[in-house]
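Participant: attaching a predicted model along with its sequence, questions to come.
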Amino acid sequence: MVKEQTSQLQSLLRPYQNLPKKQRHPESQGTHKPKKPTLPIPIIAQRKLASTNPSSDFEKARQMLHVSTVPETLPCREDEFCEILAYLESALEDGTGGCIYISGVPGTGKTATVREVIRSLQARVADGDLEPFQFIEMNGMKLTEPSHAYSALWEAFTEEKVTPKHAADLLEHMFSSPSTRQQPCLLLMDELDLLVTRKQTVMYNFFEWPNRPEAKLTVIAIANTMDLPERLLSNKVSSRLGLTRINFQPYTHSQLYTIIQSRLQDSGTFESDAIEFCARKVSAVSGDARRALDICRRAVELVEYMHLRERGDDSTHTSQVTISMVDRAVKEMFVTSNVQLIHSATLHQKLFLAALVARLKKNGLPEVEFTEVIQTYFQLCRMNSIEPVTTSELTVVCNYLNSSRFILLEQTNLDLYQRIRLNLSEGDIMLALRNDPFFKKII
């Protein structure tokens, strides 16, 4: 029996026995790897339209309205563009560092504007009007832990992967000593809210390093909260860091109208009143340009579907997207599955979510402690003459919302100092509760 098994094993291994050792045992090779050649400066792709040839005006409109499509121009952010450009140009030309803090609610063009500024600067480098620089982009959503920002930055500089602690030490030495780097660096840190830690060491370091004479580092920090540095670092520390601030206000209905119209490029697929209707609906809730584009794109899909159902594939049909189609798209987009789930929640589950949103707004942080939510919950109940549930019962509510993925908990076992984070968008909660007279005055 043993001989038979040995024979079978040898027959299975025979095809691999003549392979080079490196192919058979890649893990047995030495750990030393040759240093990779230095890569050129990463260049943000130039603006370009979709390369496919649309078969109809509606298909072209769908392509242009997609949030991932990069338009030829970035309307309604000219002032912010010029301010960011002037700051970064000055930093690069003077050879100094600095930090610019950009805040604003989601969908207000913060990241898109910064990327457009970087394209403009890279074009100047290509024309020989500006010395070369290194551009690095980092997103808090893509980092498992805030401390991994150290490793990501060090790897961008050197292509070496090291632990966060080692990377922090190496970066500290780099920015404290005469720089061996030939080029200054522009570092874009997007979703800065997600790099919050209890001691705030990560945020402090990334705000403090640019102020060192040897660093040649300019940080462009983007977050949703206007006063995040003050909340986390205290006024005394944040004022010493010398942040330059730019706040992106939510788009107005006229700005949203301009943005949508610039995408459509006078294609004639939308009635003017339909665009106006969408712009006013979105500006009343959030001023989020991405949501406005999604609604218009969905309205185009509804019209296309209607044509296919009623007339067959008639790409030459000349009708336009009307207010009624946009209204239907608005209702579809606003009444998402999340909104429907919130609608079906119990009173105290809704109160818990309302308390969580209120506390997040007050703190300006992406997460809060369970005790803070409890305090706000009891305040809401007391102010509105509602009999509250006990803390134990509120723990059950919290666990239910966590199991339903409404919220995220820091750990499995819930305690009073457990940190809680929303897993829904604040906009979905606002939409779900805004028609309720009671919750409308709370949210």
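Facilitator: Done, it's in. The structure presented is a predicted model; accordingly, all values stated were derived computationally and were not measured.

Participant: quick check: mean pLDDT of whichever helix or strand Glu172 is part of?
Facilitator: Assigned by DSSP states H and E, Glu172 falls within helix 164-176. What helix 164-176 shows for mean pLDDT is 95.

Participant: likewise stretch 285-304?
Facilitator: 90.

Participant: tell me the buried residues in it?
Facilitator: Neighbour counts over stretch 285-304 (16 or more other C-beta atoms under 10 Å) mark 286-289, 291-304 as buried. C-beta here means a position set from N, CA and C on the backbone, and glycine is covered the same way.

Participant: now swap in stretch 173-192 and tell me
Facilitator: Result for stretch 173-192 [16+ other C-beta under 10 Å]: buried residues Met174, Phe175, Ser179, Pro184, Cys185, Leu186, Leu187, Leu188, Met189, Asp190, Glu191, Leu192.

Participant: least confident pick among those?
Facilitator: The member of these with the lowest pLDDT is Ser179, at 68.

Participant: now what about the helix holding Glu172, what contacts it?
Facilitator: Residues from elsewhere that reach helix 164-176 (C-beta atoms under 8 Å, 6 or more residues apart in numbering): 145, 147-151, 153-155, 157, 162, 181, 205, 209, 212, 214-215, 217.

Participant: A strand includes Leu187, no?
Facilitator: Yes. Leu187: assigned to a strand according to DSSP: H, G, I helix; E, B strand; the rest coil.

Participant: for Asp227, report the pLDDT, please.
Facilitator: 75.

Participant: how about the residue nearest to it when sequence neighbours are not counted, what does it touch?
Facilitator: Spatial nearest neighbour of Asp227, excluding adjacent residues (C-beta to C-beta, 6 or more residues apart in numbering): Gly364 at 6.2 Å. Counting by C-beta under 8 Å, 6+ apart, Gly364 touches Thr225, Met226, Asp227, Leu228, Arg231.

Participant: sort out for me which of those residues are in helices.
Facilitator: Leu228, Arg231 (DSSP state H).

Participant: what two of the contacts of Gly364 are the furthest from one another?
Facilitator: Met226 and Arg231 (9.8 Å; C-beta to C-beta).

Participant: picking that back up, could the buried residues of stretch 173-192 go into a markdown table alongside distance to Ser344?
Facilitator: Shown next, in a markdown table, are the buried residues of stretch 173-192 (distance: C-beta to C-beta, whole Å):
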| residue | distance to Ser344 |
| --- | --- |
| Met174 | 54 |
| Phe175 | 52 |
| Ser179 | 58 |
| Pro184 | 54 |
| Cys185 | 50 |
| Leu186 | 47 |
| Leu187 | 44 |
| Leu188 | 40 |
| Met189 | 38 |
| Asp190 | 34 |
| Glu191 | 31 |
| Leu192 | 35 |
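
Participant: I'd like the contacts of Gly364 written out as JSON lines, with neighbour count added.
Facilitator: Listed next are the contacts of Gly364 as JSON lines, based on neighbours: other C-beta atoms under 10 Å:
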{"residue": "Thr225", "neighbour count": "21"}
{"residue": "Met226", "neighbour count": "17"}
{"residue": "Asp227", "neighbour count": "14"}
{"residue": "Leu228", "neighbour count": "22"}
{"residue": "Arg231", "neighbour count": "17"}
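
Participant: same for the host helix or strand of Leu353, what does it pack against?
Facilitator: Assigning secondary structure by DSSP H and E places Leu353 in helix 347-363. Contact here means 3 or more C-beta pairs under 8 Å, 6 or more residues apart in numbering; DSSP states H and E; on that basis helix 347-363 packs against strand 367-369, helix 370-383, helix 391-403, strand 419-422, helix 426-433.

Participant: quick one: that helix to helix 391-403, angle?
Facilitator: 80 degrees (axes from the mean of the first three to the mean of the last three C-alpha atoms, to 10 degrees).

Participant: buried residues, helix 347-363. List them.
Facilitator: Buried residues in helix 347-363 (16+ other C-beta under 10 Å): 348-360.

Participant: quick one: which of those is nearest Thr376?
Facilitator: Ala355 (4.0 Å).

Participant: report whether the expected contact of that closest one with Val373 is present.
Facilitator: Yes. Using C-beta atoms under 8 Å, Ala355 is in contact with Val373, at 5.1 Å.

Participant: burial of Glu83, as a residue count?
Facilitator: 17 (other C-beta atoms under 10 Å).

Participant: nearest residue to it other than its sequence neighbours?
Facilitator: Ile246 (5.8 Å).

Participant: surely the one you found is within a helix?
Facilitator: No. In this structure, Ile246 is strand, not part of a helix, as judged by three-state DSSP.

Participant: that one pairs with what?
Facilitator: Ile102 (DSSP bridges).

Participant: roughly how far does it sit from Met226?
Facilitator: Going from Ile246 to Met226 by C-beta to C-beta, to the nearest Å gives 10 Å.

Participant: need the per-residue pLDDT for the closest residue to Leu356 other than its chain neighbours.
Facilitator: In space, and not counting its chain neighbours, Leu356 is closest to Val373: 5.2 Å by C-beta to C-beta, 6+ apart. The per-residue pLDDT reported for Val373 equals 94.

Participant: now Leu341
Facilitator: At Leu341, pLDDT is 78.

Participant: which strand or helix spans it?
Facilitator: With DSSP H and E as criterion, Leu341 is part of helix 337-343.

Participant: ok now that helix, how far from the chain's centre?
Facilitator: 23 Å (C-alpha atoms, centre = their mean, to the nearest Å).

Participant: now stretch 409-427
Facilitator: 20 Å.

Participant: need the CA coordinates for it. CSV is fine.
Facilitator: Provided in CSV are the C-alpha atoms of stretch 409-427 (Å, rounded to 0.1, in the frame of the first residue of the first chain):
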residue,chain,number,x,y,z
LEU,A,409,-18.6,49.3,16.0
GLU,A,410,-15.0,49.4,16.9
GLN,A,411,-15.1,46.0,18.6
THR,A,412,-17.4,43.0,18.8
ASN,A,413,-18.3,43.5,22.5
LEU,A,414,-20.2,46.7,23.1
ASP,A,415,-19.2,48.8,26.1
LEU,A,416,-19.9,52.4,27.1
TYR,A,417,-16.7,53.6,25.6
GLN,A,418,-17.1,51.7,22.3
ARG,A,419,-16.5,53.9,19.3
ILE,A,420,-19.3,54.0,16.7
ARG,A,421,-19.3,55.1,13.1
LEU,A,422,-22.1,55.6,10.6
ASN,A,423,-22.2,53.0,7.8
LEU,A,424,-24.9,54.9,5.9
SER,A,425,-24.5,58.3,4.3
GLU,A,426,-25.7,61.2,6.4
GLY,A,427,-27.7,62.2,3.3
